[in-house]
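*Asks:* got a predicted structure plus its sequence, pasted below:
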Amino acid sequence: MSESLRNRFEAKVDRSGEHHVWTGSRTSDGAGKLKVDSKTVSARRVAWELARGALADGVVVKACPDDQACVRVEHLSLRGESPAADRRRAPRGTGSKTEIRPGVWKLTVTSGRYTDGRVRRLHRTVQADTEIEATRELAAFVAEVRRDPLPQRRQDRDVTVDEAIEQFLVEHLLGEKGREPRTVDDYRRLHLRWFAPEIGGRRVRDVDEAAIDRIFGKMRRTGLSRSRMNHARSLYAPFFRWAKRRRLIVRSPMADFELPTSVHVSREHTPPEVEQLCLLLETAVEVVADVAPLLTLGAVTGMRRGELVTVRRSRLHPDEGQLTVDAATDGKRVKPTKTRKERKVAVDPETMDMLLRHCAHMDERAELCGLKVAPDAFVFSLALDCSAPMPPDYVTKRVALLKEHLGIANKRAETIALEDEALRMYRLPPKQRRAGQAGRSPAGGMSYEAIGRQLGRSERWATLAVASARRREAVRARGDRSHTMFDGSIIALRKFTSSELLDAGFNISMVAQRQGHGPQVLAKHYAKARRSADRKAAEHLGRVVHGR
């Protein structure tokens, strides 16, 4: 071919991207064309002949699978010298199928154009043992494309799961649905932990049912509970519905998804009995006195942890025997309650007096520092002027210390074994120090830094582990006390309140209102059967059955 044709051809080619796009005249399906010796010739044929020499009359240059206008030779291919012998072209709009390996077929459907004028082409890989089955799959794919909306922009077609998930969390959940930032952060961590390594870099439209099943299967084998897997489903089912509405996909891979059966063996946490709760609160006064009033208020009212630390002095009503619950915190900001509703909770005189004494104590502490507590200050606070609520995580850590002191800490066996090993290493005979060695001698046989390094942990962990193992050892030395084996967590106080009121015969709607949720949530999550109630039920049935 002449040099003038080469120059004319190159002037119409954009080689800036992955595809070398023909910018000149195009046919109705988007393929490039130009005139050579008064004849209209396809641009891709000219590209091939300029690069690799002339072709026989019967040879056809096949288009790039992803872009009809592409003239990059590496993206083109040839079809046999006898076009009549090749398979007949499928009717327009019916799609095409190609067997890429035995039993696996690639389906392609073309449907209109993107906003930039490029042909909109969709692909799907399916398994089919015969060509007839592949034809059925293709027909279903074509019907799906015609029925469902498609992306208008080419970049929407190629968006990855990581990009789409972030857009879904920020724009949809935070912006449109008004979900709490903490909820969105939980979803983001869930995606990064389980889904991003498998499908994060893939295009949303390429995620299939098999990929979703593999990820949930991995979660199941790891031992996650059904509730944790259901948490993942509650993110991805609406995500794919959102992606379908925005034309990122034509079909949700979770349309027919069924949650796998979990192998996790859940441990039932029953609320403490009355005598166990009294032991917990009495010990709190001795061990964690700074949060003891807060725990007492939690046992009396059943308030959530974030609600307890955000009670303000102006919300206490001693004359009415009530307090108003209208705020909560996640440790970062003060916000409305979980249900976004304000509620009044009746409080007994003894508890109200306890709160007022606690406020007076905070006033004395502030006065010693030359400060004054505002009338609307927080009841529970680490700030000297009570201007900020006590951090919820601080309460949790103090309760963990209380539980260890009582010997009811809920730790895994391997964690306990590692802490016991840290204590053993700490009690090893100290090594003899070299003459003139500088620095302070370690308090134990090995320093905390050396223990942490030996066990693959930090110095801080070693310090806490040794202290925890010592407390556990002290509990064993006090003897086996069956009353120490109970749930002493903060949520257990809430469950205690619900169960105690229901066992006493109070109306379920009143109990739910006091706790700040609906009767269904109360019955499912907070009303738990305690041993004392089970024993009363057994005695009642025994009297009825045996006629006593």
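*Replies:* Happy to help now that I have it.

*Asks:* now do the helices in the stretch 51-200 of the chain.
*Replies:* According to DSSP state H, counting those that start in this stretch, the stretch 51-200 of the chain carries its helices in the segments 131-147, 154-157, 161-167, 181-190, 196-199.

*Asks:* for Arg52, which of these is the nearest?
*Replies:* helix 154-157 (29.4 Å; C-beta to C-beta). Placement of C-beta: from N, CA and C, glycine included.

*Asks:* what's the distance between the closest residue to Leu169 other than its chain neighbours and Glu171?
*Replies:* Counting by C-beta to C-beta, 6 or more residues apart in numbering, Leu169 lies nearest to Val184, which is 5.0 Å off, once chain neighbours are set aside. According to C-beta to C-beta, to the nearest Å, Val184 stands 11 Å off from Glu171.

*Asks:* between these two, which is the more surrounded one?
*Replies:* Val184 (18 against 13; other C-beta atoms under 10 Å).

*Asks:* isn't that one up against Leu174?
*Replies:* Yes - here Val184 reaches Leu174: they are 5.6 Å apart, a contact under C-beta atoms under 8 Å.

*Asks:* what's the spacing between Leu295 and Glu275?
*Replies:* 16 Å.

*Asks:* returning to that earlier point: distance check, the residue nearest to Leu169 against Ala243.
*Replies:* 17 Å.

*Asks:* over to Arg182?
*Replies:* Arg182 is 24 Å from Ala243, by C-beta to C-beta.

*Asks:* repeat for Phe496
*Replies:* For Phe496, the distance to Ala243 equals 44 Å [C-beta to C-beta].

*Asks:* got a pLDDT number for Asp376?
*Replies:* If you check Asp376, the pLDDT there is 95.

*Asks:* what's the neighbour count on it?
*Replies:* Summarising burial for Asp376: neighbours were counted as other C-beta under 10 Å, giving 11.

*Asks:* give me every residue that touches the residue nearest to Leu169.
*Replies:* Leu169, Val170, Leu173, Leu174 (C-beta atoms under 8 Å, 6 or more residues apart in numbering).

*Asks:* and Leu122, what does it touch?
*Replies:* Neighbouring residues of Leu122 by C-beta under 8 Å, 6+ apart: Thr108, Val109, Thr110, Ser111, Phe141, Val145, Leu150, Arg205, Val250.

*Asks:* need the pLDDT of the closest residue to the third one other than its chain neighbours.
*Replies:* With C-beta to C-beta, 6+ apart as the criterion, Thr110 has its nearest non-adjacent residue at 5.0 Å, and that residue is Arg121. pLDDT recorded at Arg121 is 78.

*Asks:* looking at it, Arg121 is touching Thr108, isn't it?
*Replies:* Yes - if you go by C-beta under 8 Å, Arg121 and Thr108 touch, sitting 6.3 Å apart.

*Asks:* quick one on the thing from earlier: and which of the contacts of Val184 is nearest to Ala210?
*Replies:* Among the contacts of Val184, Leu169 lies closest to Ala210 (C-beta to C-beta), at 24.8 Å.

*Asks:* any idea how far Gly516 is from the closest one?
*Replies:* From Leu169 to Gly516 the distance is 27 Å (C-beta to C-beta).

*Asks:* the closest residue in space to Val13 that isn't next to it in sequence: neighbour count?
*Replies:* Closest residue to Val13 apart from its sequence neighbours, by C-beta to C-beta, 6+ apart: His20 at 5.5 Å. Residues within reach of His20, counting by other C-beta under 10 Å, total 21.

*Asks:* and His20, what does it touch?
*Replies:* His20 sits in contact with Val13, Asp14, Ala47, Cys70, Val71, Arg72, His75, where contact means C-beta under 8 Å, 6+ apart.

*Asks:* in those, find the pair that's most separated.
*Replies:* Maximum distance among the contacts of His20 (C-beta to C-beta): 13.9 Å, for Asp14 and His75.

*Asks:* okay, the two: which has more neighbours?
*Replies:* Using other C-beta under 10 Å as the criterion, Asp14 and His75 rank with His75 on top: 18 against 12.
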